[in-house]
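J.: next one to model:
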Amino acid sequence: MTRILRPHTHRIALFLFCIFALTPILWASSAKLHIDVGLNHFYKKRFLEAFREFKAAAEEDPRNAEAHYNMGRVYRLQGFLKEAVVEFQTAVTIDPTYSAARRELGEIGSQIEGDITTKLKIEGQEEALRQRIAEVGTNAAEKRGQILMQKGDLGRAITEFEAAVQSDPTNPKLNKVIGFLYYRTDKYADALGWYEKAEKFAPSDAEIPYDIGLIYLKTGDTERAIESFNASIRLSPELVKAQFGLGEAYEKLGRYEDAAFQYRKCLELNPNLGQAQDRVRDMAAHLGFTYFSRGSLYYSQGEYQKAEALLSLSRQYGSLTSQQHQQVEEMLTACRYWLGKQKAEAVIEAGRQQTRTESYINKNISFEDVIRNPNAYIGEAVEWEGKATFSDTSKGHTRYFINTNPSVDPKSNMDYTFGVVFPDSLPSDQRVSIYSQILVKGKILGIEKLLNTISSVQSSRQQPIIEAAEVTFTRKPYSDSLVIRY
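T.: Numbering: from 1, shown residues only. A predicted model of the protein is given here:
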């Protein structure tokens with residue numbers, strides 16, 4: 001008897017067919033997206049993020065040769081050759097025509113030809129390779145572990161994750177999760193071992209040394225906790241929890257000033273972090289008058305940055321008398337003045353350093369070039385040399401005037417003479433003289449008519465004036481030159 005399907009039954013059958021037909025396409029599309037994102041990270045040298053995307057692509061589409069090829073590239077760049085070989089061979093097994101993967105295998109083979117130990121280790125991966133090809137992307141144990149972890153069944157979750165890591169031992173994420181689960185179950189030695197494995201495979205992941213620091217802090221090894229938190233901060237200075245953990249470690253050692261500084265760093269990164277606000281107040285209770293006394297000491301020693309930080313804390317949290325409050329305000333005002341001055345001086349010094357560098361680069365700018373078109377060269381750095389001929393005083397500072405052409409007498413012709421302005425007073429030294437040969441590195445400030453103070457002759461045209469960034473005085477019979485840098 002022929003069975004007749006009703007219209008709604010046809011629609012259900014068609015719906016199911018579409019689901020099963022489209023599922024591989026959707027997997028492939030998702031895997032391609034992960035690969036594209038991973039390549040973007042890869043070419044920007046964010047290798048950990050790239051590896052995660054390539055791994056996700058392989059999990060979405062286990063038969064995706066490109067995902068395994070790119071995981072191999074990351075492994076090779078990080079120096080994990082045997083893991084790279086496994087991924088390249090997986091790619092070739094999936095797609096025997098994958099020439100790029102074959103080329104990578106050939107290059108690694110040439111690289112290790114003389115290294116017998118490495119060669120044997122890589123050859124020993126054949127069984128792991130076969131298992132990887134058979135099991136890649138199945139990650140069923142990992143998924144079971146995630147479900148158990150969400151339910152709070154941490155013991156069974158550990159068992160599943162340890163089973164998952166057997167087929168992917170170099171996966172830092174799995175090693176980190178197992179370390180976390182052991183930490184949550186107070187098995188700190190086991191947790192430390194798994195985190196150390198994860199760190200080996202992801203040395204740039206700042207979260208791992210932070211987690212290791214927590215273990216050391218929990219087990220009382222505070223000095224090693226400080227080392228780990230600092231390692232995390234070096235990898236990611238804006239990781240607030242690492243800064244906070246370092247503060248807790250300092251606090252455990254009774255280093256309350258250091259702890260206070262760390263908690264303040266946390267507030268700089270996150271001003272609304274209530275825990276850090278509470279800890280700063282608690283540190284004030286421990287330190288009390290210490291902020292004021294230590295800040296005053298740093299102030300007297302001229303260490304204004306440290307003084308400003310501690311005096312600010314004393315004003316906010318210290319129990320001070322009205323007289324001490326007044327002293328704090330006066331010292332803070334002075335600190336901020338000197339810090340501002342130091343900052344301004346640093347900017348000026350950086351500018352002069354740049355002028356010295358540019359003057360060397362611009363050696364090809366001659367005095368004659370500037371004289372022909374002076375306005376075009378104002379602000380340029382130059383390096384010029386000549387014989388000092390006369391000097392004058394402008395705005396309380398001595399200026400020297402230098403003749404660049406020894407065949408011309410500057411007493412009657414100053415067409416080859418330029419002036420030099422010095423940012424500070426010149427030292428009392430016999431080499432600083434109008435009888436010296438002078439080499440100047442500096443910036444052209446402008447042009448003006450010159451008056452020879454010895455012959456009373458005025459220049460026929462406007463001549464360049466330079467602000468010196470570095471000047472060298474050479475005078476006979478002195479064997480050594482005098483170099484002054486501003």
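
J.: which stretches of the protein have low pLDDT?
T.: Along the chain, segments meeting pLDDT under 70 span 1-29, 111-139, 285-286, 288, 317-319.

J.: redo that, cut-off 50
T.: Low-confidence segments of the chain, defined by pLDDT under 50: 1-5, 7, 9, 12-27, 116-117, 120-122, 124, 126-138.

J.: what's near enough to touch Glu383?
T.: Taking C-beta atoms under 8 Å, 6 or more residues apart in numbering, we find Glu383 in contact with Ser359, Tyr360, Asn362, Lys363, Leu439, Val440, Lys441. (C-beta placed from N, C-alpha, C; glycine too.)

J.: can you rerun that using 6 Å?
T.: Ser359, Lys363, Lys441 (C-beta atoms under 6 Å, 6 or more residues apart in numbering).

J.: please list only the buried members of the residues you listed.
T.: The neighbour-count criterion (16 or more other C-beta atoms under 10 Å) marks Ser359, Lys441 among those as buried.

J.: just checking, which of the contacts of Glu383 belong to strands?
T.: Cross-referencing the contacts of Glu383 against strands under DSSP state E gives Lys441.

J.: make TSV from the contacts of Glu383 and add distance to Arg315 to it.
T.: Shown next, in TSV, are these (distance: C-beta to C-beta, whole Å):
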residue	distance to Arg315
Ser359	47
Lys363	54
Lys441	46
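
J.: ok, so of the contacts of Glu383, who is nearest Ile108?
T.: Within the contacts of Glu383, distances to Ile108 taken as C-beta to C-beta reach their minimum at Lys363, with 49.6 Å.

J.: give me the element Asp392 is part of.
T.: Asp392 belongs to strand 381-394 when assigned by DSSP states H and E.

J.: which phi and psi does Lys44 have?
T.: Lys44 adopts backbone torsions of phi -100, psi 10, taken as degrees, to the nearest 10.

J.: how near is it to Glu349?
T.: For Lys44, the distance to Glu349 (C-beta to C-beta, to the nearest Å) stands at 35 Å.

J.: tell me the first helix or strand C-terminal of the strand holding Asp392.
T.: By DSSP H and E, the next helix or strand past strand 381-394 is strand 397-403.

J.: what's that next one packed up against?
T.: strand 381-394, strand 417-421 (3 or more C-beta pairs under 6 Å, 6 or more residues apart in numbering; DSSP states H and E).

J.: quickly compare those strands and say which is most buried.
T.: Among these, ranked by average contacts under mean count of other C-beta atoms under 10 Å, first place goes to strand 417-421 (a mean of 22).

J.: CA-only coordinates of the helix or strand where Glu268 lies in PDB, if you can.
T.: Using DSSP H and E, Glu268 sits in helix 256-269. The C-alpha trace of helix 256-269 is given here as PDB (Å, rounded to 0.1, in the frame of the first residue of the first chain):
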ATOM      1  CA  TYR A 256      52.800  49.800  53.500                       C
ATOM      2  CA  GLU A 257      54.200  52.700  51.400                       C
ATOM      3  CA  ASP A 258      54.800  50.300  48.400                       C
ATOM      4  CA  ALA A 259      51.300  48.900  48.900                       C
ATOM      5  CA  ALA A 260      49.800  52.400  48.900                       C
ATOM      6  CA  PHE A 261      51.600  53.300  45.700                       C
ATOM      7  CA  GLN A 262      50.200  50.100  44.000                       C
ATOM      8  CA  TYR A 263      46.700  50.800  45.200                       C
ATOM      9  CA  ARG A 264      47.000  54.300  43.900                       C
ATOM     10  CA  LYS A 265      48.100  52.900  40.500                       C
ATOM     11  CA  CYS A 266      44.900  50.800  40.500                       C
ATOM     12  CA  LEU A 267      42.900  54.000  41.000                       C
ATOM     13  CA  GLU A 268      44.700  55.700  38.200                       C
ATOM     14  CA  LEU A 269      43.700  52.900  35.900                       C
END
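
J.: for the next helix or strand after that helix, which outside residues touch it?
T.: The helix or strand immediately downstream of helix 256-269 is helix 274-287, counting by DSSP H and E. With contacts defined as C-beta under 6 Å, 6+ apart, helix 274-287 is touched by Tyr256, Ala259, Ala260, Tyr263, Cys266, Leu267, Tyr317.

J.: for those, give me a markdown table that also has distance to Asn452.
T.: As requested, those are arranged in a markdown table below (distance: C-beta to C-beta, whole Å):
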| residue | distance to Asn452 |
| --- | --- |
| Tyr256 | 68 |
| Ala259 | 68 |
| Ala260 | 64 |
| Tyr263 | 66 |
| Cys266 | 66 |
| Leu267 | 64 |
| Tyr317 | 66 |
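
J.: and those, which is closest to Ala198?
T.: For the contacts of helix 274-287, with Ala198 as the reference and C-beta to C-beta as the criterion, the closest is Cys266, at 25.2 Å.

J.: just checking, the closest one touches Leu273?
T.: Yes. In this structure, Cys266 is within contact of Leu273 by C-beta atoms under 6 Å, at 5.5 Å.

J.: shared neighbours of the two, anything?
T.: Listed as contacting both Cys266 and Leu273 by C-beta under 6 Å, 6+ apart is no residue at all.

J.: which of these two has more residues huddled nearby?
T.: When Cys266 and Leu273 are compared on other C-beta atoms under 10 Å, the one with more neighbours turns out to be Cys266, at 23 against 18.

J.: residues of stretch 458-470 that come out buried?
T.: So, applying 16+ other C-beta under 10 Å, buried residues of stretch 458-470: Ser459, Gln463, Pro464, Ile465, Ile466, Glu467, Ala468, Ala469, Glu470.

J.: can you report phi and psi for the second one?
T.: Here the main-chain torsion angles of Gln463 (degrees, to the nearest 10) amount to phi -110, psi 160.

J.: kindly report the same for Ser407.
T.: phi -80, psi 0.

J.: that one - how many residues pack around it?
T.: Ser407 has 6 neighbours, counted by other C-beta under 10 Å.

J.: give me the distance between it and Tyr416.
T.: Ser407 sits 9 Å away from Tyr416, taking C-beta to C-beta as the criterion.

J.: again with Ile208
T.: To Tyr416, Ile208 is 68 Å away according to C-beta to C-beta.

J.: okay, now Gln324: neighbour count?
T.: By other C-beta under 10 Å, the residues close to Gln324 number 17.

J.: for it, which non-adjacent residue is closest in space?
T.: Among residues not flanking Gln324 along the chain, Phe292 sits closest, at 6.0 Å (C-beta to C-beta, 6 or more residues apart in numbering).

J.: now do Arg336
T.: Distance criterion C-beta to C-beta, 6+ apart; nearest residue to Arg336, sequence neighbours excluded, is Glu308 at 6.7 Å.

J.: specify the residue ranges that define each domain of the protein.
T.: Using automatic domain parsing, the domain parsing of the chain gives 23-135, 367-485.

J.: now do the same contact list for Phe390.
T.: Phe390 makes contact with Phe401, Ile434, Asn452, Thr453, Ile454, according to C-beta under 6 Å, 6+ apart.

J.: number of nearby residues for the last one?
T.: This points to Ile454. Neighbourhood size, Ile454 [other C-beta under 10 Å]: 12.

J.: quick check, it in a helix?
T.: No. Ile454 is assigned coil when assessed by DSSP: H, G, I helix; E, B strand; the rest coil, not a helix.

J.: secondary structure element holding Leu439?
T.: Following DSSP H and E, one finds Leu439 within strand 437-448.

J.: that strand - contacts with which helices or strands?
T.: For strand 437-448, the packing partners by 3+ C-beta pairs under 6 Å, 6+ apart come out as helix 322-361, strand 381-394, strand 463-474.
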